[in-house]
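> I'll drop the sequence and a predicted model, then ask my questions.
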Amino acid sequence: MSLLDTRHASNHQQRVLQAACALFLRDGYRVSMGAVAREAGVSKQTVYAHFANKDTLFHAAVEQLVLPLHASLAPESRSLPDTLHALAQAHQTHVMDHANLALGRMLIAEAPRFPAAAKTFFRTAIDTVARRLARLMAEAMDQHRMRREDPDVAAEIFLAMLHGMEGDRRLFGMQARGQDAQDQWARHAVNVFMHAYDILPDAPARTNKKPGNGTEFS
């Protein structure tokens, strides 16, 4: 099951997935398939009928948790400025969500014992979002609505700007921003990025070069 189409999941499949999300967040990757079956109120055979092994189930659980980030990138016919604002809002919600914070802490603690699980999270929750965003930026560059640079670098810079230090503050139990301040951060990050890359909603991008053009990062 892919996060991009969960509409046709069976009731049992959804129950298993919801149980897995709750248990992975609470107990870490050591959760057994039997425990997931008990939490979901189904047999272990039902769990295996939908998910071949724990790695597959964990991958699907991570997809479920980061679904809002991917949803913000669709429909992909939306203008790039609208997409950036939608992604920024989804990212702030993601950063401030207690479940996602718990997932981050769990993966840091479990990574030495379960490196494959940590890599699954990175590929599913971070790398896939970055690659989809880079494709949208490349299209905008082809349409002269964004200054031409390396779209992969641009996507990574934008995601880094959104993240700032807030995720780390929450991860390490420091005093965090409130909702209004975090929303203001997101809007500011979008505006600064759009200015830096000459992203205009209804006109071609300017062709003047910015500092850094022609470098290894351009």
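Received it, and whenever you're ready, just let me know what you need.
> quick one: contacts for the closest residue to residue 54 other than its chain neighbours?
Using CB to CB, 6 or more residues apart in numbering and skipping the chain neighbours, the partner closest in space to residue 54 is residue 33 (6.0 Å). Quick note: C-beta positions are derived from backbone N, CA and C, even for glycine. Each residue near residue 33 by CB atoms under 8 Å, 6 or more residues apart in numbering is listed here: 44, 47, 48, 53, 54, 57.
> then residue 102?
Contacts for residue 102 (CB under 8 Å, 6+ apart) come out as 25, 26.
> in the helix or strand bottoming out on mean pLDDT in the chain, what counts as buried?
Every helix and strand in the chain was compared by mean pLDDT, DSSP states H and E; the lowest is helix 98-110, with a mean of 80. The neighbour-count check on helix 98-110 (16 or more other CB atoms under 10 Å) flags 100, 101, 103, 104, 105, 106, 107, 110 as buried.
> kindly report the same for stretch 116-126.
Buried residues in stretch 116-126 (16+ other CB under 10 Å): 117, 118, 120, 121, 124, 125.
> now those residues in a markdown table, with secondary structure?
Listed next are these as a markdown table, based on DSSP: H, G, I helix; E, B strand; the rest coil:
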| residue | secondary structure |
| --- | --- |
| 117 | helix |
| 118 | helix |
| 120 | helix |
| 121 | helix |
| 124 | helix |
| 125 | helix |
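> if we can go back for a sec, so what does the residue nearest to residue 54 look like in phi/psi?
Main-chain torsions, residue 33, degrees, to the nearest 10: phi -60, psi -30.
> and it, what pLDDT?
pLDDT for residue 33: 96.
> quick revisit: please indicate which of the contacts of residue 33 are buried?
47, 54, 57.
> measure the last one to residue 159 for me?
Computed as CB to CB, to the nearest Å, the residue 57 to residue 159 distance reads 27 Å.
> kindly report the same for the first one.
Spatial separation of residue 47 from residue 159 under the definition CB to CB is 34 Å.
> so where's this protein shaky on pLDDT?
Applying pLDDT under 70 to the chain flags residues 1-9, 76-77, 202-218.
> excluding residues flanking it in the chain, which one is nearest residue 22?
Leaving aside its sequence neighbours, residue 22 sits nearest to residue 39 (CB to CB, 6+ apart; 6.7 Å).
> actually residue 43, sorry about that
residue 37 (6.0 Å).
> buried ones in the host helix or strand of the one you found?
Secondary structure from DSSP states H and E places residue 37 in helix 33-40. Judged by neighbour count (16+ other CB under 10 Å), helix 33-40 contains these buried residues: 33, 35, 36, 37, 39, 40.
> next SSE after it?
Helix 33-40 is succeeded, C-terminally, by helix 44-50 (DSSP H and E).
> chain center to that following helix: distance?
28 Å (CA atoms, centre = their mean, to the nearest Å).
> from the contact counts, what lies against that helix?
In terms of contacts (3 or more CB pairs under 8 Å, 6 or more residues apart in numbering; DSSP states H and E), helix 44-50 is packed against helix 11-27, helix 33-40.
> convert the C-alpha atoms of that helix to CSV, please.
The C-alpha coordinates for helix 44-50 follow below in CSV (Å, rounded to 0.1, in the frame of the first residue of the first chain):
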residue,chain,number,x,y,z
LYS,A,44,-1.7,-12.7,13.1
GLN,A,45,-2.5,-14.4,9.8
THR,A,46,-4.6,-11.3,8.9
VAL,A,47,-1.6,-9.0,9.6
TYR,A,48,0.7,-11.2,7.3
ALA,A,49,-2.0,-11.2,4.6
HIS,A,50,-1.6,-7.5,4.2
